[in-house]
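S.K.: Below: sequence and its predicted model.
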Amino acid sequence: MAQTTKKQQGASPVVLLIILAIIGVGVFIGIQYIPQKMERGSVDTILSNIEKDHASTPFSSKQEIESQIANKLNIEGMNDMLDNFTVKEEENGFVIKAKYDRELNLIYTKKPVTYEKTIILQ
């Protein structure tokens with residue numbers, strides 16, 4: 001009995017184009033989303049470092065906190081974010097708020113992304 005062997009064929013060009021299009025869309029979205037995720041992580045790190053600094057040596061003035069935030073933003077290379085931080089002095093301590101908006105461009109639509117975090121130093 002003779003065996004018939006069937007030659008394997010690769011994917012057709014149309015299937016390859018579809019796969020490349022799907023990968024391309026994923027890369028396009030990732031290129032926009034990853035920097036925003038990294039920026040959010042840096043802001044979270046800055047705020048947690050401010051909390052740790054305050055726990056070890058309490059801040060005595062609003063200006064001192066603003067100076068620390070400016071220094072930490074400078075180290076991260078994010079000087080343009082300074083306006084997105086607000087420091088308020090209240091009777092029981094300080095309230096630090098970081099808030100900014102970004103836009104995620106998804107081919108046919110734009111999705112606004114808002115980041116907001118508040119910490120209280122007592």
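M.R.: Happy to help now that I have it.
S.K.: now the host helix or strand of Asp53, how far from the centre of its chain.
M.R.: Following DSSP states H and E, one finds Asp53 within helix 13-56. In terms of CA atoms, centre = their mean, to the nearest Å, the centre of helix 13-56 is found 6 Å from the chain centre.
S.K.: Just list what whatever helix or strand comes next after that helix packs against, helices and strands only.
M.R.: Going down the chain from helix 13-56, the next helix or strand is helix 62-76, by DSSP H and E. When contacts are defined as 3 or more CB pairs under 8 Å, 6 or more residues apart in numbering; DSSP states H and E, helix 62-76 packs onto helix 13-56, strand 85-90, strand 93-106. Any C-beta I mention is one placed from the backbone N, CA and C, and that applies to glycine too.
S.K.: wait, what's in contact with Gln68?
M.R.: With contacts defined as CB atoms under 8 Å, 6 or more residues apart in numbering, Gln68 is in contact with Ile50, Asp53, Phe59.
S.K.: how near is Leu20 to Pro13?
M.R.: Distance, Leu20 to Pro13, using CB to CB, to the nearest Å: 10 Å.
S.K.: ok, now Glu91?
M.R.: Taken as CB to CB, the span from Glu91 to Pro13 is 71 Å.
S.K.: contacting residues for the spatially most central residue of the chain?
M.R.: Residue closest to the average C-alpha location in the chain (CA atoms, centre = their mean): Lys37, at 2.4 Å. Contact analysis of Lys37 by CB under 8 Å, 6+ apart lists nothing.
S.K.: So it versus Leu121, what's the distance?
M.R.: Lys37 is 26 Å from Leu121, where distance means CB to CB.
S.K.: just Gln68 next, same as before
M.R.: For Gln68, the distance to Leu121 - CB to CB - is 11 Å.
S.K.: still on that earlier bit, closest to Lys72 out of the helices and strands packed on helix 62-76?
M.R.: Nearest to Lys72, of all the helices and strands packed on helix 62-76, is helix 13-56, at 4.6 Å by CB to CB.
S.K.: got the angle for that closest one vs strand 93-106?
M.R.: For helix 13-56 against strand 93-106, the angle between stretch directions is 170 degrees (axes from the mean of the first three to the mean of the last three CA atoms, to 10 degrees).
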